[in-house]
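Asker: Compute the structure for the input listed below.
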Amino acid sequence: MKEEPQIEKFLPDIKSVKIFHWLDEIELRKLLAVSRLLYFEKDETIINQGDVGKNLYVIIRGAVEVSITNKQQQKVVICTIDPGEIFGEAAIFLASRRTATIVCLNDTTAMEISRPDLIHFFKTYPTAGNKLLMLIVLSLLEKLRHANEDLMLEKQTQVNFGEASELIREFIRESGSPPDASQ
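Answerer: Next up, the predicted model:
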């Protein structure tokens, strides 16, 4: 990781980020003043599952993979995060351990905003802070909705072993003798 000093060259990309959409030029520049633009190389880890985090990240260019290590110590890929999307939002509200590992799929430029700097921004520029906070919360709600949809789909595709047991018993009963044509 290295800090990218030329924020200006990324300004069009930054302005297109959904959570910055409602900020005017002055508000955006004030936010950029408390942010860092970071460059990560392909396969570089931004966040490790289990680390305590205090930063929010916005993908400006590139893409990252979100994965978890399950109880069997297997890597499970959750999703990909593309330009204009954010991650690490929970760290703004909670000083808790990161729930996933974030690794760059290719060379990636990301904006990093720390919890203390973001809180200072909210207090110093309340109108802009309220807009930004609302969009961060909406982003979290959208992720929650997607997670609920995934859980619902997972539950629907799980095998009902009660039905499977009955099907197996039926198969065993019928496989012992040829079908009765009189029935």
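
Asker: Any stretches of the chain with poor pLDDT?
Answerer: Within the chain, the stretches with pLDDT under 70 are 4-5, 153-183.

Asker: Find the centremost residue of it, please.
Answerer: F87 (4.9 Å; C-alpha atoms, centre = their mean).

Asker: doesn't L32 fall inside a helix?
Answerer: Yes. Using DSSP: H, G, I helix; E, B strand; the rest coil, the assignment for L32 is a helix.

Asker: Nearest spatial neighbour of it, chain-adjacent residues omitted?
Answerer: Leaving aside its sequence neighbours, L32 sits nearest to I7 (C-beta to C-beta, 6 or more residues apart in numbering; 5.8 Å). To be clear about C-beta, it is placed using only N, CA and C from the backbone, and glycine gets the same treatment.

Asker: Just give me the neighbour total for the nearest residue to A90 once chain neighbours are set aside.
Answerer: Spatially, and ignoring its direct neighbours in sequence, A90 is nearest to S96 (7.0 Å; C-beta to C-beta, 6+ apart). Per other C-beta atoms under 10 Å, the neighbour tally for S96 reads 10.

Asker: Quickly note the distance from S96 to G88.
Answerer: 11 Å (C-beta to C-beta, to the nearest Å).

Asker: what residues do those two have in common as contacts?
Answerer: Shared between the contact lists of S96 and G88 (criterion: C-beta atoms under 8 Å, 6 or more residues apart in numbering) are residues G53.

Asker: so where do the strands sit in this protein?
Answerer: Secondary structure of the chain by DSSP state E: the strands cover 2-3, 36-40, 45-47, 55-61, 64-69, 75-81, 86-87, 101-104, 108-114.

Asker: Tell me which residues are up against the last one.
Answerer: Read it as strand 108-114. 4, 10, 13-14, 31-32, 34-40, 42, 44, 46, 54-64, 121.
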